[in-house]
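Novice: With the sequence up front, the predicted model follows.
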Amino acid sequence: MDHFSYRDGVLHAEDVPLPAIAEAVGTPVYVYSAATFRRHARVFREALSALPRVHLAYAIKANPNLAVLRLMANEGYGADVVSAGEMKRALAAGMPAAAIVFSGVGKTEAELAAALDVGDGAGIGQFNLELEEEGEVLARLAAARGIAAPAVLRVNPDVDAGTHAKISTGKKGNKFGVPIDQAAAMYARLSLLPGLSLRGVALHIGSQLADLAPLEAAFGRVGALVAQIRAAGHRVDRVDLGGGLGVAYREGERLPTPADYGAMVARACRGWDVELQFEPGRVIAGNAGVLLTRVIWVKPGGDHPYVIVDAAMNDLARPALYDAWHDFVAVAPSGTRMVANIAGPVCETGDTFALARDIDTVASGDLGVFRTAGAYGATMASTYNSRALVPEVLVDGGRFAVVADRVSPESLIAAERVPEWL
Ligand code: LLP
């Protein structure tokens, strides 16, 4: 459920009509609903309330805007980060260092060191190790600081998550985690290192999962691994179950709910006696944002007209990258429909949001939105074609604020240099 709805024929974000935002900030612009973020944060927490020990680490990569992070911190969420930059954001938003989990397949030594030095030298709450050598480097850095770094070992459970190949992460051959059949032996070796406090295991099999069965299968394998590690005399008191829960991108689409997910976790992880950790991203942010855009032209096309909007693949990359579907609706629909292709102004055919789509009839100058753009939207934006970096607005009830400026081509040019020898 989200808080974007029509009132008197005009699409609102909570109590704010979207034309008011277009007027004040211009388009394209991402618009987020604070009430929707809060609701999703609470629904997800509630879905896990039957579990004894839970740590919620919002996957910052989905939407790392500082205001969003503050909101999630206020909801009691920590953060799953994958770079020193994301860690800095989490801290800047007021999340405690101890609530930060550092995932990522290529953490550099400098990043590991930086993560040990925050929190007044106590370091972050957890490092999710991707390979044995990383554990050795971390142990060395931590020992030099007189601490033992809390860590878990990420395993690759070799299941097919049934999602888009580019966002599948838990199948043998993917770059993530250590093969599950090698994990127990590696765990035993890493447990001997004085600079490490090895606490358990982690997994994340992919994103936009539409079926819980692969997750349940993966959790089953991890449960067996936990038993094996314990039988060898080692401590396991945390299991990080990652993120991955999908959201509906099309009107009427049905996906497993957080409650379905919570029930499956309770079943699959019964008796583990660990702190279960979760890294939800999309399920929190996806439906909490839209990309508001203005139609530039309706251009006659081959089979269908092209609706050329002022948002492009550089602002919302998902359709170009993953052939992803984002519903498009008019902000003030006239009641009639048209079949059209929707594309942006960028100079490549890949800059197409939809083909032969049945949409509200729109004309030049009309406003429309791409829905479910709160996750992996603004954060993946670029300035390709020397377009301004898209701004972000947060609505909260009847007020709104620009929470990320439109970064102008002038300031981008100002960050570049022509060497004097040219
Ligand atoms: N934890 C780890 C270790 C991850 O790699 C990810 C996402 C998450 C948690 C959060 O997953 P979520 O709950 O959001 O599914 N750009 C792509 C999605 C990439 C996901 C990468 N990892 C997209 O736009 O679909």
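Specialist: Received the coordinates, thanks. Residues are numbered from 1 along each chain as shown.
Novice: Neighbours of residue 95, how many?
Specialist: Residue 95 has 24 neighbours, counted by other C-beta atoms under 10 Å. The C-beta positions use only the backbone N, C-alpha and C, and glycine is treated the same way.
Novice: Let's verify the spatially closest residue to it that is not a sequence neighbour: helix, strand, or coil?
Specialist: In space, and not counting its chain neighbours, residue 95 is closest to residue 73: 4.8 Å by C-beta to C-beta, 6 or more residues apart in numbering. Classification of residue 73 by DSSP: H, G, I helix; E, B strand; the rest coil places it in helix.
Novice: ok, residue 73 - how many residues close by?
Specialist: Per other C-beta under 10 Å, the neighbour tally for residue 73 reads 18.
Novice: Then residue 104?
Specialist: 20.
Novice: residues in contact with it?
Specialist: 81, 82, 83, 111, 128, 130 (C-beta atoms under 8 Å, 6 or more residues apart in numbering).
Novice: Distance check, the residue of the stretch 101-250 of the chain found nearest the ligand against residue 380.
Specialist: Residue nearest to the ligand within the stretch 101-250 of the chain (C-beta to the nearest ligand atom): residue 243, separated by 2.6 Å. In this structure, residue 243 lies at 16 Å from residue 380, with C-beta to C-beta, to the nearest Å as the measure.
Novice: same deal with residue 183?
Specialist: From residue 183 to residue 380 the distance is 31 Å (C-beta to C-beta).
Novice: repeat for residue 120
Specialist: In terms of C-beta to C-beta, residue 120 sits 33 Å off from residue 380.
Novice: okay, the two: which has more neighbours?
Specialist: Using other C-beta under 10 Å as the criterion, residue 120 and residue 380 rank with residue 380 on top: 16 against 7.
Novice: which ones are touching the more buried one?
Specialist: Residue 380 touches 316, 317, 318, 321, counting by C-beta under 8 Å, 6+ apart.
Novice: rewinding a little: looking at the contacts of residue 104, state which has the most neighbours.
Specialist: Going by other C-beta under 10 Å, residue 81 tops the contacts of residue 104 with 30 neighbours.
Novice: From the ligand, how far off is the residue nearest to the spatial centre of the chain?
Specialist: In the chain, the C-alpha nearest the mean C-alpha coordinate belongs to residue 62, at 2.0 Å (C-alpha atoms, centre = their mean). Separation of residue 62 from the ligand (C-beta to the nearest ligand atom, to the nearest Å): 5 Å.
Novice: phi, psi of that residue?
Specialist: Backbone torsions of residue 62, given as degrees, to the nearest 10, read phi -70, psi -40.
Novice: Looking at the closest residue to it other than its chain neighbours now. What's its pLDDT?
Specialist: Of all residues not flanking residue 62 in the chain, residue 281 sits nearest, at 3.2 Å (C-beta to C-beta, 6+ apart). The model reports residue 281 with a pLDDT of 98.
Novice: Equivalent analysis for residue 174, please.
Specialist: pLDDT recorded at residue 174 is 87.
Novice: try residue 249
Specialist: The model reports residue 249 with a pLDDT of 98.
Novice: can you tell me how far it sits from residue 18?
Specialist: 20 Å.
Novice: Kindly report the same for residue 294.
Specialist: In terms of C-beta to C-beta, residue 294 sits 11 Å off from residue 18.
Novice: which of the two has more neighbours?
Specialist: Using other C-beta under 10 Å, the more surrounded residue of residue 294 and residue 18 is residue 18, with 24 against 19.
Novice: mind listing what that one touches?
Specialist: Here residue 18 is in contact with 10, 11, 12, 31, 290, 292, 331, 367, 369 (C-beta under 8 Å, 6+ apart).
Novice: The strand or helix carrying the last one packs against which elements?
Specialist: Following DSSP states H and E, the helix or strand that holds residue 369 is strand 367-370. The criterion is 3 or more C-beta pairs under 8 Å, 6 or more residues apart in numbering; DSSP states H and E, and the helices and strands that strand 367-370 contacts are helix 18-25, strand 289-299, strand 328-330, strand 352-360.
Novice: What's the first helix or strand after the third one?
Specialist: On the C-terminal side of strand 328-330, the nearest following helix or strand under DSSP H and E is strand 337-343.
Novice: Many thanks, I have nothing further to ask.
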